[in-house]
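>>> Predicted coordinates and the sequence they were generated for:
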Amino acid sequence: MMIDNLPYHQIGEPQRGGIVCVADHASNHVPPDIPLGIPDALLDNHIAVDIGVAGVAGRLARRHNIAAHLATVSRLVCDLHREEDNPAVVPAQSDGHLIPGNIGADVEKRLAAFHRPYHAALAKWLDAADPELIVSLHSFTPKLATSDEDRPWQVALLYNQDDRAARHAIRLFEELGLTVGDNEPYSGRELNATMNRHAEAHGRYYLALEIRQDLIMNWADQSRWAGMVGDVANRVALALE
């Protein structure tokens with residue numbers, strides 16, 4: 001749900017020079033004046049929201065002192081993790097599902113209402129926090145509806161040009177006995193819009209983190225993963241000093 005008509009919500013106060021969390025796909029909210037023309041059940045599907053991410057990010061903020069900037073609108077309304085000129089910023093289809101309400105949509109209006117305020121607020125928040133590390137938090141489905149290929153990774157690190165933080169995190173998650181993806185199941189060289197803009201462009205260290213959604217479906221698992229992510233993030237920050 002959008003609060004004060006804003007496409008973002010911030011939890012906790014960032015410690016200047018500390019660790020912060022960003023979650024571009026944390027919500028499945030669709031404003032009532034934007035009819036997408038899809039069954040309501042699809043709003044609980046991965047095409048609409050990164051399942052489990054809001055719970056993990058909230059616990060990072062409330063229990064691990066890692067303040068969070070979360071989206072409050074579904075990626076089907078406006079994908080905040082895409083560049084403004086990317087055709088998928090207002091997707092007409094996703095994982096085999098047609099989004100009829102987005103065909104011929106006023107993209108400029110969506111950008112003005114959601115994309116630009118979200119990123120302007122994020123830029124201001126990060127400038128004030130001057131973080132030592134950004135955790136960009138996402139989740140992924142074990143298998144796409146349009147593919148027979150299983151995704152065996154439990155957690156993955158994505159990166160574009162700067163893999164300094166990711167290298168440490170990959171090692172640390174592997175030491176926890178997890179199956180870790182290295183630029184899998186997506187490549188950060190192709191899908192890294194928010195961290196390209198707010199981290200790499202400013203020389204900020206970041207972890208673009210993907211957790212397999214079936215591992216964070218309930219509160220207990222979200223709490224457990226928040227603990228692991230918080231611990232790894234702190235250890236990565238120490239290693240980068």
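Noted; the coordinates are in hand.
>>> Tell me how far residue 236 lies from residue 161.
Separation of residue 236 from residue 161 (CB to CB, to the nearest Å): 18 Å. Using the backbone N, CA and C atoms, a C-beta is placed for each residue, glycine as well.
>>> Quick one: residues contacting the closest residue to residue 157 other than its chain neighbours.
Once flanking residues are discounted, residue 157 sits nearest to residue 166: 4.1 Å by CB to CB, 6 or more residues apart in numbering. Residue 166 sits next to 157, 158, 159, 182, 207, 208 when contact means CB atoms under 8 Å, 6 or more residues apart in numbering.
>>> Mind telling me what element residue 166 is part of?
Here residue 166, judged by DSSP states H and E, is contained in helix 164-175.
>>> got it, and residue 62?
helix 53-64.
>>> what about residue 148, which SS state?
coil (DSSP: H, G, I helix; E, B strand; the rest coil).
>>> gap between it and residue 168?
Distance from residue 148 to residue 168, by CB to CB: 34 Å.
>>> Now do the lengthiest helix in the chain and helix 53-64, the angle between them.
Criterion DSSP state H: the longest helix present in the chain is helix 219-240. Orientation of helix 219-240 against helix 53-64 (axes from the mean of the first three to the mean of the last three CA atoms, to 10 degrees) gives an angle of 60 degrees.
>>> what pLDDT does the nearest residue to residue 111 once chain neighbours are set aside get?
Distances taken as CB to CB, 6+ apart place residue 84 nearest to residue 111, at 5.7 Å, with adjacent residues excluded. On pLDDT, residue 84 comes in at 98.
>>> Residue 84: helix or strand, and which one exactly?
Short version: residue 84 belongs to no helix or strand, going by DSSP H and E.
>>> wouldn't it be in contact with residue 114 here?
No - between residue 84 and residue 114 there is no contact under CB atoms under 8 Å: 11.1 Å.
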